[in-house]
Structure formats: C-alpha cells, structure tokens
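**Student:** got a sequence here, can you model it:
(chains A and B)
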Amino acid sequence: MKFLHLIWANLRRKKTRTVLTLLSIVVAFVLYGFLSAIKQALTGGVSLEGANRLIVRHKVSIIQLLPESYKQRMEKIPGVASATHQTWFGGIYQDPKKFFMQNPVVPEEFLKMHPEIILAPEQRQAWLTTRTGAIVGRKTAERFEWKIGDKVPIQSSIWSKKDGSYLWEFDIVGIFEGRDKNTDTTPMFFRYDFFDEARRGGTGQVGWYTVRVQDTARPAEVAKLVDAEFENSSYETKTEAEGAFVQAWAKQIGDIALITASILGAVFFTILLVTGNTISQSVRERTGELGLLKAIGFTNAQMLALVLAESCLLAVLGGVLGLGAAWLLTSHGDPTGGMLPLYFFPARDVLAGLAMSVALGLVTGLFPALQAMRLRVADSLRRI
Amino acid sequence: MSEQATGNGALVDIRGVEKVFRRGAEDIQVLKDLNLEVPAGEFLALMGPSGSGKSTLLNLIGGLDHPTRGTVSIAGERIDQLSDHRLAAWRARHVGFVFQLYNLLPVLTAERNVELPLLLTHLSKAERRAHVATALAAVGLEHRAKHYPRQLSGGEQQRAGIARGIVTDPTLLLCDEPTGDLDRKAGDEILGLLQALNREHGKTIIMVTHDPHASARASRTVYLNKGQLTREPND
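**Tutor:** Presented below is the predicted three-dimensional model:
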C-alpha cells in the first residue's frame, strides 16, 4: 500500500493519455457486458432445474404436432419419471410488437414439472378451478399492468376457435415469480383442457413434451429410449436436453457463442495493443527515473512489481468502471420489448470480466515491466 | 549507524580495481589498477577531466556497477562480491546519492521524493514522515515540502536531492557533480550544506566535481587521470 501513491502518481503523469486509454478499456468492458447479457438472453434460458428435463418434439420440426396420447406411453418408458406437454399459441396482445410467449398446459403437471415457477397457493387453486384461467409472469404483468381478475384478449396467429374467431379471452388468476434470476417470467400459461375444447383444428395434438428423467446421470440413454419408442410411427420424435432445445431456438439467429467470442476477441486484442503501448511508452519516457529507483535500492523484483501494478491498476480501474456501467445499463431489462426476456448481465460473467481485467493488466504490463527490471542503473541514470 | 572501518582504518577500501567496458569488439579500459582509501568522516573531492573515469569509480563505490578486477570494500564488506539483489538492499541501507540533475521524480512533491528511500524500510507512515521532516529541516527546505520539483529553483531541487540522500542516514553520501547545474550562489549554498553535513554530522562524503572552487570545500582532493589516481592534477 505504501507504494500506491507512487503508482498513482505515475498514471497521472500524462493525464490525457491515461484518460483516453482508460476510456477505451471502459468501452471494451461495457461492450463485453452487453454481449454477455445478449448471450445470456439467447442461450441461458435454462435453470439448473432443466438439467434433469428432456424435450421431446416432432423429428421433422418443432412446428409439427405430436399426439396427446404419447404422454401415457412416455411415462411407461424406463427412466422416465413424468411427462407433460405444451403447445405454441403464438398470440398477440394489442400490437404485434408486444411479443411474449403464451402456451396451453395442464396446470398440475406443469407446475410439478417446473418448480422454478413460484405461484401463491390461492392463485394455484384459482387456476385449477377456472377453465379460462391463465397465469402470467411478473415481468409481463408489470409490462401490461395486468392484475388478478383482469380479462385479457389475445389474438392467436395460429389457432382459431370453433366459431372461427382467432380472438381468445383469458382470466388472469395468478401472477408467478421466478425462483432464480434466470427463470423467465415473461410467458403466460393457460389451461390445455379449455384450449383443446375450444379450438377448431388439431384437437388431441400438442406441440412438444417435457420429460423428467429419474436418474440425472442417464438423460442421453432415456432420450434414446423415447425416440426408439416412437420410431417408424407417423409421429417420430427427437429428444434432446432442455438446454440444447433452447439453444437450438437461438441458433436460428446464428452461433451466438461464436459471434460473441469473435467480437470480444477483436475488441480485447485492440485494447491489449492500446494499453500495452501506453504502458510501454510510459516506461520508456522515464528510464532515468526508474534508474534512480534502482540506485536508491529498489530490487529487480520490486521494479517488476511496480510496473505490473501500474498496468493492473489501469486495467482493473477501466474494467470495474466498464463492468459497473454495463451492469447499470443492462439492469433495466430487455431493451427489445419482449424478444429477450432473460436479458441481464450474469454475476458469473461480471466475475469473469474482473478476472479478464487483471489478466489484461498483467499481459500489457509484462514486457515493459521486464524492461524496467533489466535496466542497467549506471546507463539509465544518464538518460534524464 | 555504525561506520565500521576496514583493517587499515578506511571506510572505503579499493584495491587493484580495473574496469573495462566492451564496445562492440573493442575493450575500453576506464580504470587501471586503482587503489583508494577513504577514512570515515572524510569529505573527499574526486577531480579529473571528462572521460577520466570519475563517475565509473563513483558507481563502483556506490554499488551501481561491478569492477572487472579488484576489490571494493565498504565498512569491511566486499560489495564487489554481492549479487544484484543483495547489492540493491545494500545500497538502500548504506548509500545516499546526489546527482548533478537532481533526479527528482516530477510527479511527486519534495517530501514524497525525499520519502522514496524510506519506502524500502519497515518504518511506519508516521516514522517515515518524521524522518522526512528531519531531512528537509536539515537542508532548510521544510517550507517547500508540498511543492513539486517544477515549483522549486535549481538550488532548492538539489537541496531536496540531498535530503533524499541523507534521509536514511546512510554510511556514505556520494555526490556526482552536485553543483554542475547550478549558478555560483546556489552552488555555494549546496557546498556549504555538504560541508555542514560532513563537519557537524560526521557524514562521509565523496564528491565528483570539475570545479576547483567546489573541491576547495572538501577536506581532501584526489585526481583521476586516464583511469589512475594522482595527488596532483598534472601528475
């Protein structure tokens, strides 16, 4: 700590240069924060709970339906604990831009399958007893200012009612919370029995199944058994882990992880050069001063540490400011109005960012620090 | 501070020292079979023309460089045999340097510059402050403690440089042309200060200078010519 004022004074030597370098580091980490939030939104929609869940869909495409009767057959397959289904409703509330997901489900089965969805007991009871009842996540309820008791009209782009109308009306009987931060609280779920009776086509058919496996160590084996069960039928299936299913949705945009890594790679490589150049220049400019420090007794190791501390202080300061700004800017949630419901800057990525800032400081400072360490005192003292 | 002398009573004892620099394929011999003894408490002036090896000799005495041959003993310790790491620690404990161009860090105030050698000790912040205040008072610069080097005159900067040199109460104070960049008046003040440190505080001082006026303030003057010591300038 007693050397801190010396390190800080060196950084303040050329204020404009230091501030510009600092700003470039801050911008890099803000970008990192945004990309982390986008990556989280597109690929991170699976909680730990999802580790023991499989998704069973039609082998050809997610938009092909499966028979409702598959549930009983699935639950007889060794390794399957339970199964329940959902169907894509594709509804719009008032304006097509106000996108959010609505799916018909079997309430008891659905809530048992998804313990990460937290619903008050009286709301759960109301859902079980109200055929037109629907529960909605906290985010969407707040977004549209819905409250329990409201009737909400949803225009489906896929499903018409028996009277030919595409306009469906639901009673909000519950508002659910997410158990974890990465639980999506934007969807609305309503009762499948009401939906199945009221729809004009597709009766007895569902979108996909969620299957809970008995042994979390054997999901791949169970997935194979499920697909084998329905092989050579009219509705062959493809079973995959819930995470892979969500990521397959995201991959319709592209390989998010690769895109993110490529952009960040380019940004951090540039920052590496910018910061490295600043520190190198700063060390070159004060060869005589570094020689003086060695003359009065600073050891080689202390010289190395002094320059590394300087580059690390600059990088960590920029990193903390950038990560803090990214945290603030992403804390307002989804900027797209519903397309990225899980848009937030995850804590693990913040910690990874901090580690990256330390690494940036060490890498950029290493070469100039070695130069400072190897200075010959007698020579450097002449270079004032 | 203990100023242990060698067996012959000298604080600085240099025997048969040679220093050769290699420039490309050529060897340049700067010091030749040089012997020098400096007793504790002496104020020695080292004179000689440019390129005579004065600064090289001072660097060897200050542990900034190693001799090619010969021995350099300070207070009984063979510093020519110390590793770079141990030599750095030795310098921190035993040597104060004063340079022609002051070599103050422009980003630190006078008191922070003076404090630099103390950062390598185990003293507490309060103890460091007390030592810095004493050193600044000794050179008459306590009223300029918070000023940056650019806010000080040349003479004041050199005073700060001397304060930094004596703040750890070193065995030896080595001055390389301490008045070389000052006008006569400021130079006289600095020489008076060095004289006072020698006479009143018993500091052993070795000063390299070109200036006969400066060397006249020392208790003894030796001359270096073509890498060898003489008693007279024209020997």
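
**Student:** ok, A:Thr239 - contacts?
**Tutor:** A:54-57, A:211, A:222-224, A:226-227 (Cβ atoms under 8 Å, 6 or more residues apart in numbering or on different chains). Where you see a C-beta, it was placed from the backbone N, CA and C, and this is true even at glycine.

**Student:** these, buried ones only, as a ChimeraX selection?
**Tutor:** To isolate the buried ones among the contacts of A:Thr239 in ChimeraX, judged by 16 or more other Cβ atoms under 10 Å in any protein chain shown, type:
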select /A:54,55,56,57,211,222,223,226,227
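
**Student:** in strands only, show me the contacts of A:Thr239.
**Tutor:** A:54-57, A:211 (DSSP state E).

**Student:** now, the most widely separated pair of those?
**Tutor:** For those, the farthest-apart pair by Cβ to Cβ is A:Arg57 and A:Val211; their separation is 11.1 Å.

**Student:** quick revisit: out of the contacts of A:Thr239, flag the one nearest to A:Ala141.
**Tutor:** A:Ile55 (26.2 Å).

**Student:** who's the closest one bridged to?
**Tutor:** Beta bridges link A:Ile55 to A:Thr210, A:Glu240 when assigned by DSSP bridges.

**Student:** same question, A:Gly137
**Tutor:** A:Phe176.

**Student:** check what pLDDT it gets.
**Tutor:** A:Gly137 is assigned a pLDDT of 95 by the prediction.

**Student:** equivalent analysis for A:Gly164, please.
**Tutor:** 92.

**Student:** hang on, isn't A:Arg53 packed against A:Arg212?
**Tutor:** Yes. Contact criterion Cβ atoms under 8 Å: A:Arg53 and A:Arg212 qualify, at 5.7 Å.

**Student:** shared neighbours, those two?
**Tutor:** Common neighbours of A:Arg53 and A:Arg212 (Cβ under 8 Å, 6+ apart) are A:Met113.

**Student:** how close does the nearest residue to A:Gly79 once chain neighbours are set aside sit to chain B?
**Tutor:** Nearest non-adjacent residue to A:Gly79, counting by Cβ to Cβ, 6 or more residues apart in numbering or on different chains: A:Val222, 4.0 Å away. Distance of A:Val222 to chain B, computed by Cβ to the nearest Cβ, to the nearest Å: 63 Å.

**Student:** surely A:Ile117 meets A:Thr183?
**Tutor:** Yes. Contact criterion Cβ under 8 Å: A:Ile117 and A:Thr183 qualify, at 7.0 Å.

**Student:** what is the neighbour count of B:Glu42?
**Tutor:** Using other Cβ atoms under 10 Å in any protein chain shown, B:Glu42 is surrounded by 18 other residues.

**Student:** where along chain B do the strands fall?
**Tutor:** B:10-23, B:26-39, B:43-47, B:69-74, B:77-78, B:95-98, B:172-176, B:204-208, B:220-225, B:228-230.

**Student:** next: chain A.
**Tutor:** Under DSSP E, chain A gives strands at A:53-58, A:66-67, A:80-86, A:91-92, A:102-105, A:117-118, A:133-137, A:151-156, A:167-178, A:188-191, A:205-206, A:208-213, A:237-241.

**Student:** how about the contacts made by the most centrally placed residue in chain A?
**Tutor:** Chain A has A:Gln40 as the residue nearest its centroid, 1.3 Å off, counting by Cα atoms, centre = their mean. Contacts of A:Gln40 were listed using Cβ under 8 Å, 6+ apart, and they are A:182, A:342-346, A:349.

**Student:** pLDDT wise, what is it at?
**Tutor:** 81.

**Student:** what's the closest non-adjacent residue to the residue of chain A found nearest chain B?
**Tutor:** Nearest residue of chain A to chain B: A:Gly297, at 2.5 Å (Cβ to the nearest Cβ). The spatially closest residue to A:Gly297, leaving aside those adjacent along the chain, is B:Ala92, at 2.5 Å (Cβ to Cβ, 6+ apart).

**Student:** these two touch, right, that neighbour and B:Leu118?
**Tutor:** No. Between B:Ala92 and B:Leu118 there is no contact under Cβ under 8 Å: 9.5 Å.

**Student:** about what we covered before: these two touch, right, the residue of chain A closest to chain B and B:Thr121?
**Tutor:** No. A:Gly297 is beyond contact range of B:Thr121, at 9.4 Å (criterion: Cβ under 8 Å).

**Student:** quick one, what contacts the residue nearest to A:Gly297?
**Tutor:** A:296-298, B:117, B:120-121, B:168.

**Student:** residues in contact with residue 10?
**Tutor:** Assuming you mean chain A. A:282, A:286, A:310, B:107.

**Student:** chain B was what I was after
**Tutor:** B:Ala10 neighbours (Cβ under 8 Å, 6+ apart): B:37-40.
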